[in-house]
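Chemist: Can you look at this prediction? I've put the sequence above it.
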Amino acid sequence: MSVSTNRMDARANVHRAERIDLAAAFRWAARLNFHEAVANHFSLAVNEDGSQFLINPNQRHFSRIKASDLLLLDANDANALSQPDAPDITAWGLHGSVHRHCPHHRCVMHVHSMFATVLASLKDSNLPPIDQNAATFYQRYVIDDGYGGLATETEGERCAALLSDPTKQVMIMGNHGVLVMGNSVADAFNRLFYFERAAETYIRALQTGQPLRVLSHDVAAKTAQEIEEYPEMADRHLSELKAILDDEGSNYAD
């Protein structure tokens, strides 16, 4: 084995547990049809100030990503995009900007999942609390209505400026998709899963043409707080997903 191969293997073993969690999230996102061909990205901060982060390599399909594939980048490194398999300028622009300016958002997941993107395409992209899943996000999202094209660095910086409030854990990206944040991979992926479910329920409810049964402010706020404090939900969710992958003999953890 060459010296360069040894170095690559050593890098792949840094932040091993975090890499495995993130790889599992990619695999399940693909199964849920949250992927967009070979676009979209998940990232996870791995140092205290959030500037160093793991992210998927350039144009690798979510269903094939392994723990060892993930890149370790520094949001303050001007040469980050010169390394092999470096992500494209939109991944750097959006995720690099969030990790540079919003250390309270440790994990960042950006997708163009169907129902979240339909919601982001409506003139009013608010998600009313019409069921328990939607109430999860009550007063916990921000709507970006200033879409300015591909998420290069200027656009990424603009988006990051809207995420200074750590209680806003979802950005509904008008005319674009959704950005979901969390304290960990498990936290962010669980939130992404339930946001897409909530958006689907809302869009399908609108399709009936019937009046919506919207929860009151007090009940919606209470429900959101209760779900936020519900013990171990996100961790158990991801743990079960990894167990299924393991039972199937998946190579996601390689």
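Modeler: Structure's in. What do you need?

Chemist: contacts and neighbour counts: CA atoms only from here.
Modeler: Noted.

Chemist: secondary structure class for the most centrally placed residue in the chain?
Modeler: Centre of the chain computed as the mean C-alpha position; nearest residue by Cα atoms, centre = their mean is Met109, 1.4 Å away. Of the three states, Met109 takes strand according to DSSP: H, G, I helix; E, B strand; the rest coil.

Chemist: Can you give me the distance of it to Leu94?
Modeler: Distance, Met109 to Leu94, by Cα to Cα, to the nearest Å: 10 Å.

Chemist: With Gly174 instead?
Modeler: Gly174 is 15 Å from Leu94, by Cα to Cα.

Chemist: Now do stretch 54-73: everything it contacts.
Modeler: Residues outside stretch 54-73 that contact it (Cα atoms under 8 Å, 6 or more residues apart in numbering): 9, 12-13, 16, 19-20, 22-23, 26-31, 35, 37-39, 41-46, 52-53, 80, 85-88, 251-254.

Chemist: Ramachandran angles for Leu72?
Modeler: phi -110, psi 110 (degrees, to the nearest 10).

Chemist: all helices for the stretch 1-150 of the chain, in order.
Modeler: Here the stretch 1-150 of the chain has its helices, by DSSP state H, counting those that start in this stretch, at 3-12, 16-31, 89-91, 97-101, 114-121, 132-135.

Chemist: Can you add mean neighbour count, mean pLDDT and distance to Ile227 and give those helices back as CSV?
Modeler: Listed next are the helices of the stretch 1-150 of the chain as CSV, based on neighbours: other Cα atoms under 10 Å; pLDDT from 0 to 100; distance: least, Cα to Cα, whole Å:
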stretch, mean neighbour count, mean pLDDT, distance to Ile227
helix 3-12, 12, 47, 35
helix 16-31, 21, 98, 21
helix 89-91, 20, 93, 31
helix 97-101, 24, 97, 25
helix 114-121, 22, 98, 20
helix 132-135, 22, 98, 9
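
Chemist: Nearest to Gly148 among these would be which one?
Modeler: Closest approach to Gly148 among these is made by helix 89-91 (12.5 Å; Cα to Cα).

Chemist: Provide a list of residues in contact with the residue nearest to the centre of the chain.
Modeler: Taking Cα under 8 Å, 6+ apart, one finds 41-43, 179-181, 188-189, 192 in contact with Met109.

Chemist: Spell out which helix or strand contains Leu215, please.
Modeler: For Leu215, there is no enclosing helix or strand under DSSP states H and E.

Chemist: okay, now the residue lying closest to Arg19 once chain neighbours are set aside: neighbour count?
Modeler: In space, Arg19 comes closest to Ala67 once its chain neighbours are excluded; the distance is 4.7 Å by Cα to Cα, 6 or more residues apart in numbering. Counted by other Cα atoms under 10 Å, the residues lying close to Ala67 total 25.

Chemist: any low-confidence regions in this protein?
Modeler: 1-12 (pLDDT under 70).

Chemist: Repeat the analysis, applying 90 as the threshold.
Modeler: 1-14, 78, 83-85, 87-88, 151-153 (pLDDT under 90).

Chemist: what about the strands in it?
Modeler: For the chain, strands defined by DSSP state E occupy the ranges 41-45, 52-55, 71-74, 107-111, 141-144, 170-173, 177-182.

Chemist: quick revisit: closest to Asp218 out of the helices of the stretch 1-150 of the chain?
Modeler: helix 132-135 (10.7 Å).

Chemist: Please state the offset of the closest one from the chain centre?
Modeler: Distance, stretch centre to chain centre, for helix 132-135: 19 Å (Cα atoms, centre = their mean, to the nearest Å).

Chemist: go on, stretch 95-109?
Modeler: 10 Å.

Chemist: Pick the one among the contacts of Met109 closest to Arg213.
Modeler: Using Cα to Cα, Leu192 comes nearest to Arg213 of the contacts of Met109, at 23.6 Å.

Chemist: What residues are bridge-paired with the spatially closest residue to that closest one that is not a sequence neighbour?
Modeler: Here the nearest residue to Leu192 in space, its sequence neighbours aside, is Val180; by Cα to Cα, 6+ apart that works out to 6.0 Å. For Val180, the beta-bridge partners are Met109, Val170 (DSSP bridges).
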